[in-house]
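here is my input; please provide its structure:
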Amino acid sequence: MHTNLSVVHNAERKRFEVHLAPHIAELTYHLSGDTIIFTHTGVPMPLEGRGIGSLLVSAGLKFARENNLKVDSLCWFVDKYMQRHPSE
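Here you go, the predicted structure:
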């Protein structure tokens with residue numbers, strides 16, 4: 001896992017991003033009342049297998065906790081992550 005990578009919250013585009021030129025990995029979401037709905041985790045093929053998807057989901061869940069948001073997911077990767085890390 002890349003601990004030196006940072007996740008950027010792009011609120012305007014409603015997504016969390018990791019920039020590793022020339023690629024951008026993303027976790028997209030929608031807000032509905034007091035619920036954040038994660039809709040898609042996208043990691044470009046050259047960046048796969050580096051833990052970037054998990055880094056994005058972890059940042060999204062941290063954002064939800066810090067803002068007292070309920071979490072819902074339409075993304076299989078987020079579902080899988082939450083099953084593996086139930087305390088987050």
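
count the residues that sit near the nearest residue to residue 85 once chain neighbours are set aside.
Among residues not flanking residue 85 along the chain, residue 58 sits closest, at 7.7 Å (Cβ to Cβ, 6 or more residues apart in numbering). The way it works is simple: take the backbone N, C-alpha and C, and place the C-beta from them, glycine included. When neighbours are counted by other Cβ atoms under 10 Å, residue 58 registers 17.

neighbouring contacts of the strand ranked longest in the chain?
Looking across the chain with DSSP state E, the single longest strand is strand 23-32. If you take Cβ atoms under 8 Å, 6 or more residues apart in numbering as the criterion, strand 23-32 is touched by 13-18, 36-44, 46-47, 52-53, 56-57, 59-60, 69, 75, 78.

quick one: buried residues of that strand?
Using 16 or more other Cβ atoms under 10 Å as the test for burial, strand 23-32 gives 24, 25, 26, 27, 28, 29.

need these in a markdown table with distance to residue 84 and pLDDT, can you?
Below are these laid out as a markdown table (distance: Cβ to Cβ, whole Å; pLDDT from 0 to 100):
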| residue | distance to residue 84 | pLDDT |
| --- | --- | --- |
| 24 | 24 | 97 |
| 25 | 19 | 98 |
| 26 | 20 | 98 |
| 27 | 16 | 98 |
| 28 | 21 | 98 |
| 29 | 20 | 98 |
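
list the buried ones in stretch 71-85?
Result for stretch 71-85 [16+ other Cβ under 10 Å]: buried residues 71, 73, 75, 77, 78, 81.

and which of these is nearest to residue 87?
Lowest distance from residue 87 to the buried residues of stretch 71-85 (Cβ to Cβ) belongs to residue 81, with 11.9 Å.

on that earlier part again, pull the most distant pair out of the buried residues of stretch 71-85.
Of all pairs in these, the most separated under Cβ to Cβ is 71 and 77 at 13.7 Å.

give me the secondary structure label for residue 5.
Residue 5 falls in the coil class when you classify it by DSSP: H, G, I helix; E, B strand; the rest coil.
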